[in-house]
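Chemist: Pasting the sequence and the predicted model now:
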Amino acid sequence: MPNLCAKTAFESEDQVIKPNIAKQLFFAIMGTFIAAVGVRLIVVSGLGADAISTLVLGILQHVSLKFGTVSMLFNGIILIIIFFYDRKMIGIGSLINSFGLGFCLNILDWAGILHTIPNGTGYLSIIAGSIVFGCGTGIYLLADAGSAAYESLMILLKRGLKSSVKVARIILDAAIFLTGFLLGGHIGWGTLIVLLLMGPSLEMTLNQLPKLKFFRVQEVK
């Protein structure tokens, strides 16, 4: 009679941890859509926006395109730069997030969702939007399917300056905010709210959701 225990032990040694592709795609798409809802809530508050939205709003002062379309063009240009610099950073998730975010924003626009908010709810909108944006970004990152365009740009800056991630992010955000402001984008108290709430909600999502089996993309094959 064969030693079943020994066989089981042998098989466990051969087990390989691989990502669940279906889950990666699902989380990349879901996270991108949730992030788009968060961005929309931030923008309609009229109190300020995140760095990229500030830049997009500035560009919209000079072109007659939709918010989501400008967002897709911006991310597309960054991905082309990343592709020629270090294509290993790009995965299917990079494309989903970079183009999907703008696509989802256009869908919300076409559907007439979150075009306006009731008077006096601006701060509530930007607080909720910052948290939703952070959670959506966290879910996308949990997919581990490739770096988003903006995050990839930050990594390039970090390498170029030989600095920490924190320093590179601050410099990048400051440059994007300044460019957006000079183009006509609005910077207000809401901008500070986004900066204060987006990071913690992102961190909480990345720390807490993996504790649930459903949110783990790595599985034993």
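Modeler: Sure thing, it's come through.

Chemist: Grab the nearest non-local neighbour of residue 70.
Modeler: Nearest residue to residue 70 in three dimensions, chain neighbours excluded: residue 56, at 4.8 Å (C-beta to C-beta, 6 or more residues apart in numbering). Backbone N, C-alpha and C define where each C-beta goes, glycine included.

Chemist: got a list of what the one you found touches?
Modeler: By C-beta atoms under 8 Å, 6 or more residues apart in numbering, the contact list for residue 56 reads 67, 70, 71, 74, 180, 185.

Chemist: Next step: those restricted to helices.
Modeler: 67, 70, 71, 74, 180 (DSSP state H).

Chemist: Take the residues you listed and lay them out in TSV including neighbour count.
Modeler: Formatted as TSV, the entries for the ones in helices among the contacts of residue 56 read as follows, by neighbours: other C-beta atoms under 10 Å:
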residue	neighbour count
67	20
70	20
71	27
74	19
180	24
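
Chemist: which one of those is nearest residue 150?
Modeler: residue 74 (8.9 Å; C-beta to C-beta).

Chemist: unless I'm mixing things up, that closest one is touching residue 53, no?
Modeler: No - using C-beta atoms under 8 Å as the test, residue 74 is too far from residue 53 to be in contact (10.6 Å).

Chemist: Kindly list the main-chain dihedrals of the most centrally placed residue in the chain?
Modeler: Closest to where the C-alpha atoms of the chain average out (C-alpha atoms, centre = their mean) is residue 137, at 3.8 Å. With angles defined as degrees, to the nearest 10, residue 137 sits at phi -60, psi -40.

Chemist: so what's it scoring on pLDDT?
Modeler: Residue 137 is assigned a pLDDT of 86 by the prediction.

Chemist: do residue 150 as well
Modeler: For residue 150, the pLDDT comes out at 83.

Chemist: Could I get the buried residue list for the helix or strand hosting it?
Modeler: Assigned by DSSP states H and E, residue 150 falls within helix 149-161. Buried positions in helix 149-161, judged by neighbour count with 16 or more other C-beta atoms under 10 Å: 149, 150, 151, 152, 153, 154, 155, 156, 157, 158.
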